[in-house]
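Asks: fold the following.
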Amino acid sequence: MSRDAYCSVPDLRKRGWTPALIARFLPTPDDTWPNPHYRKAAPMKAYLADRVSAIEQSPEFAALRARAEARKRASARGVGTKRAKLAEWVAGLTIPVPVLDRDVLIREACEYYNARGDRRPARRWGDPGAEEEWGEAYVWRPASPGSDPWFLNRIVVNYLRHRLTDYEAVLRRTVGKVGRRAAYAAIKGKVLGAIAGAYPWLAEACRDAADRLAEEGFGDRGAG
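Replies: Below you'll find the predicted structure:
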């Protein structure tokens, strides 16, 4: 019999069948086919389309599918509510940024950066892909107040964000919550904006950080 006379499990799902409905009404497949993508994978289950259509016409199936769809809609509403609540909480956050003397801040940021050392994964030059990933001339160097200004401003922003604000603690409160990815972007953008407001000389570095966030697919810039 032609394969067109059968429904696969993906076909059933498109028709509104859930795993529970398949287990209840179609516990045994009418045929099996080799998996077209993975030779060693379990065979694909196939069900006669006429049999599937007949089951779908039964009052019992219609009632159970309606219940399943109602549960799905209720679950979607619940997810949407949770996402909205997290977004509302993030929107109401105020994350203060302490104002320090510029020279003191730069010195502390350098000390923090140097104490962390080279955070990149260890790899030997000559390893496949090493030059492409880090750049052929990459060598980690300690920071000092005399380092390149662009580099200094970047590590100062990171130091402020991670060590002198509640950024890390706030992020921890989003762990396991629906909408965490969007919340992360909004929180980071909010902190970058607060840093740019408190330290105008860091505004460009904050914009760069926000641009990198957007490039990673986290949405709009938040440090205008």
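Asks: drop to CA atoms for contacts and neighbour counts, all remaining ones
Replies: Fine.
Asks: which strand or helix spans the residue nearest the centre of the chain?
Replies: Centroid check for the chain by Cα atoms, centre = their mean gives Arg181 as the closest residue, at 4.7 Å. For Arg181, the element it lies in under DSSP states H and E is helix 180-198.
Asks: chain center to that helix, what's the gap?
Replies: Counting by Cα atoms, centre = their mean, to the nearest Å, helix 180-198 is centred 16 Å from the centre of its parent chain.
Asks: average pLDDT across it?
Replies: Averaging pLDDT along helix 180-198 yields 94.
Asks: that one: which residues count as buried?
Replies: 180, 183-198 (16 or more other Cα atoms under 10 Å).
Asks: how about the helices in the chain?
Replies: Taking DSSP state H as the criterion, the chain carries its helices at 9-14, 19-25, 49-56, 59-91, 102-116, 130-134, 149-163, 167-172, 180-198, 203-215.
Asks: the fourth one packs against which elements?
Replies: Where contact means 3 or more Cα pairs under 8 Å, 6 or more residues apart in numbering; DSSP states H and E, helix 59-91 is packed against helix 19-25, helix 180-198.
Asks: any chance of these in a markdown table, plus distance to Trp150?
Replies: Converted to a markdown table, the helices and strands packed on helix 59-91 look like this (distance: least, Cα to Cα, whole Å):
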| stretch | distance to Trp150 |
| --- | --- |
| helix 19-25 | 55 |
| helix 180-198 | 15 |
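Asks: returning to what we had before: now distance to Thr32 too, for the helices of the chain, in TSV please.
Replies: Formatted as TSV, these follow (distance: least, Cα to Cα, whole Å):
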stretch	distance to Thr32
helix 9-14	11
helix 19-25	15
helix 49-56	14
helix 59-91	24
helix 102-116	57
helix 130-134	46
helix 149-163	55
helix 167-172	47
helix 180-198	40
helix 203-215	45
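Asks: His37 versus the residue nearest to the centre of the chain, what's the distance?
Replies: Per Cα to Cα, to the nearest Å, Arg181 is found 32 Å from His37.
Asks: need the contact list for Leu164.
Replies: Leu164 is in contact with 97-98, counting by Cα atoms under 8 Å, 6 or more residues apart in numbering.
Asks: show me the longest strand that occurs in this structure.
Replies: Identified as the longest strand of the chain according to DSSP state E is strand 44-48.
Asks: which helices and strands sit right next to it?
Replies: The helices and strands touching strand 44-48, judged by 3+ Cα pairs under 8 Å, 6+ apart, are strand 6-8, helix 9-14, strand 31-33.
Asks: most packed of the ones you listed?
Replies: Highest mean neighbour count among the helices and strands packed on strand 44-48 (mean count of other Cα atoms under 10 Å): strand 6-8, with a mean of 19.
Asks: what pairs with that one, parallel or antiparallel?
Replies: strand 44-48 (antiparallel) (DSSP bridges).
Asks: still on that earlier bit, closest to Arg71 out of the helices and strands packed on strand 44-48?
Replies: Closest approach to Arg71 among the helices and strands packed on strand 44-48 (Cα to Cα): helix 9-14, 15.6 Å.
Asks: which other residues reach the closest one?
Replies: With Cα under 8 Å, 6+ apart, helix 9-14 has contacts from 18, 44-46.
Asks: ok, and the most crowded of those?
Replies: Among these, the one with the most neighbours (other Cα atoms under 10 Å) is Ala46, at 21 neighbours.
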